[in-house]
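S.K.: Just need the structure, nothing else, for what follows:
(one chain, ligands or ions: 1)
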Amino acid sequence: MPQNRQIVLDSRPTAEASTANFKLVTAGTPALQDGQVLVRHHYLSLDPYMRGRMNEGKSYAQPQPLGQVMIGATVGEVVESRHPKYAAGDQVTGMGGWQEYSVVDAGQPGALRKVDTTHVPLSHYLGAVGMPGVTAWYGLVKLIEPKAGQTVVVSAASGAVGSAVGVLAKVRGARAVGIAGGPDKCRYVTDELGFDACIDYKQHKDAQSLSKALKEACPDGIDGHFENVGGMVLDAVMLRANAFSRIAMCGMIAGYDGQPIPMAHPQLILTNRMRIEGFIVSEHMEVWPDALKELGTLVGTGKLRPRESVAQGLEAAPEAFLGMLKGRNFGKQLVKLV
Ligand code: NDP
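M.R.: Residues are numbered from 1 along each chain as shown. Alright, predicted model coming up:
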């Protein structure tokens, strides 16, 4: 059995996370028992939720235990199998974690899923045709419920989740407006993803200024907002929200390192009769098949062209993860292991 390089959580951050919180270790791979398969990971997914797991405090999920391999989704190839449904060479996705190999009890529900790479590249099963894509689908389709002609805004628009939100909104006949950091990301959002407009929030020093730009980009106001960021971005959107508008509260990355992100205008929820709902995608497994089908078709037909930032080698994971939290990624952040 191969040697397995792993990254474990070595300490919890007190404020901003740093590379010192992680440790690279090497371990043996245990011999397979009946029902198990050995998977070699080709790509590891880095996702913002991992920052929350590094903390000890109460959240919707248990904290990542210290000294154990960091949690994370992976795609790869079965190299050895003692499960009748899997054979060496199968391409699979699972929650293999920040390591080069994993031994998986393949019979456990949801532990492993075979994927078809005929029309969709393997890595996209960690992004647009994986958890981030389904997140976009659930928040948009089930919570925002856009109607043709309505305006939908999404923050972190060039990212794994945001890019899919805009394309799904366009398919439903809505006007899609992105908010993203920097001219290159905004160009990608409009030119390659087909959003109607994109605002570079870094050009705006406060919510009032960003809200003015939103007025131009959303002449009929905002009917639905998909929130990935919080803070100034959310305040600016709230100022342009229409009566009976909906906000899907997906992420608040501006506060993940402990920064305060107060909401400046909560009274607008009442005066605009808004519906604001938070959600966790893993609690809505019932939508995954429909969502993955639509997302797979959009990627396979070239209507959704996801971008990826790919760090090379397991040792690059901590730096790439911390960079993603600061917006240094452009699209889905991955680590290539093979
Ligand atoms: P992204 O690929 O969008 O990467 C994160 C992006 O967030 C960065 O590239 C950066 O883009 C933006 N960002 C970071 N800090 C700030 C800031 N202070 N202000 C504004 N933007 C910032 O990540 P994902 O697509 O994977 O995730 C997007 C959001 O969705 C996250 O908040 C995540 O926690 C959430 N999420 C929630 C799920 C759920 O079930 N509720 C499931 C999956 C994801 P830019 O350069 O444009 O600022």
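S.K.: The residue in the stretch 101-250 of the chain that the ligand sits nearest to: what's it in contact with?
M.R.: Of the residues in the stretch 101-250 of the chain, the one nearest the ligand is Gly159, at a distance of 1.8 Å by C-beta to the nearest ligand atom. Glycine gets a C-beta too; all of them are placed from N, C-alpha and C. Each residue near Gly159 by C-beta atoms under 8 Å, 6 or more residues apart in numbering is listed here: 132, 228, 329, 331-332.
S.K.: which residue does the stretch 201-338 of the chain bring closest to the ligand?
M.R.: Gly251 (1.9 Å).
S.K.: Was I right to think that residue contacts Gly162?
M.R.: No. Taking contacts as C-beta atoms under 8 Å, Gly251 lies outside contact range of Gly162: 9.7 Å.
S.K.: These two: which has the busier surroundings?
M.R.: Shown here are Gly251 and Gly162; by other C-beta atoms under 10 Å, Gly162 has more neighbours (29 against 24).
S.K.: backbone phi and psi for the more buried one, please?
M.R.: With angles defined as degrees, to the nearest 10, Gly162 sits at phi -60, psi -40.
S.K.: again with Pro260
M.R.: The phi/psi pair for Pro260 (degrees, to the nearest 10) is phi -70, psi 140.
S.K.: Identify the residue nearest Gly178 in space, chain neighbours excluded?
M.R.: Once flanking residues are discounted, Gly178 sits nearest to Ala157: 2.8 Å by C-beta to C-beta, 6 or more residues apart in numbering.
S.K.: Am I right that that neighbour falls within a strand?
M.R.: No. Membership of Ala157 in a strand is not supported by DSSP: H, G, I helix; E, B strand; the rest coil, which gives coil.
S.K.: Tell me if I'm right that it and Gly182 touch.
M.R.: No. Here Ala157 lies out of contact with Gly182, judged by C-beta under 8 Å, at a distance of 11.4 Å.
S.K.: Who has more neighbours out of those two?
M.R.: Just comparing Ala157 and Gly182: by other C-beta under 10 Å the higher neighbour count belongs to Ala157, 30 against 15.
S.K.: does the spatially most central residue of the chain count as helix, strand or coil?
M.R.: In the chain, the C-alpha nearest the mean C-alpha coordinate belongs to Pro132, at 3.9 Å (C-alpha atoms, centre = their mean). Three-state call for Pro132 (three-state DSSP): helix.
S.K.: Repeat that for Glu16.
M.R.: coil.
S.K.: change the start of the numbering to 45 and stick with it
M.R.: Will do, 45 is the new start, and the previous item becomes Glu60.
S.K.: Number of residues surrounding it?
M.R.: Glu60 - counted by other C-beta under 10 Å - has 14 other residues nearby.
S.K.: Spatially nearest residue to the residue of the stretch 245-382 of the chain closest to the ligand, not counting backbone neighbours?
M.R.: Asn272 (4.4 Å).
S.K.: distance of Met293 from Asn373?
M.R.: 22 Å (C-beta to C-beta, to the nearest Å).
S.K.: which one of those two has more residues nearby?
M.R.: Taking neighbours as other C-beta under 10 Å, Met293 and Asn373 compare with Asn373 leading, 23 against 17.
S.K.: Now do the contacts for that one.
M.R.: Asn373 touches 203, 353, 364, 367, counting by C-beta under 8 Å, 6+ apart.
S.K.: Am I right that Asp334 falls within a helix?
M.R.: Yes. Counting by three-state DSSP, Asp334 is located in a helix.
S.K.: Test for you: state the pLDDT assigned to it.
M.R.: Note on Asp334: pLDDT of 98.
S.K.: which residues does it contact?
M.R.: Counted by C-beta under 8 Å, 6+ apart, Asp334 has contacts Trp181.
S.K.: picking up where we left off before, shared neighbours of Gly295 and Gly206, which are they?
M.R.: By C-beta under 8 Å, 6+ apart, the residues touching both Gly295 and Gly206 are 200, 272.
S.K.: near the ligand, which residues of the stretch 245-382 of the chain?
M.R.: For the stretch 245-382 of the chain, the residues in contact with the ligand under the definition C-beta under 6 Å from any ligand atom are 272-273, 277, 294-295, 297-298, 323-325, 368, 371, 373, 376.
S.K.: so Val196 bridges to which residues?
M.R.: Ala220, Gly268 (DSSP bridges).
S.K.: Isn't it up against Gly268?
M.R.: Yes. In this structure, Val196 is within contact of Gly268 by C-beta under 8 Å, at 4.3 Å.
S.K.: Fine, thanks again, bye for now.
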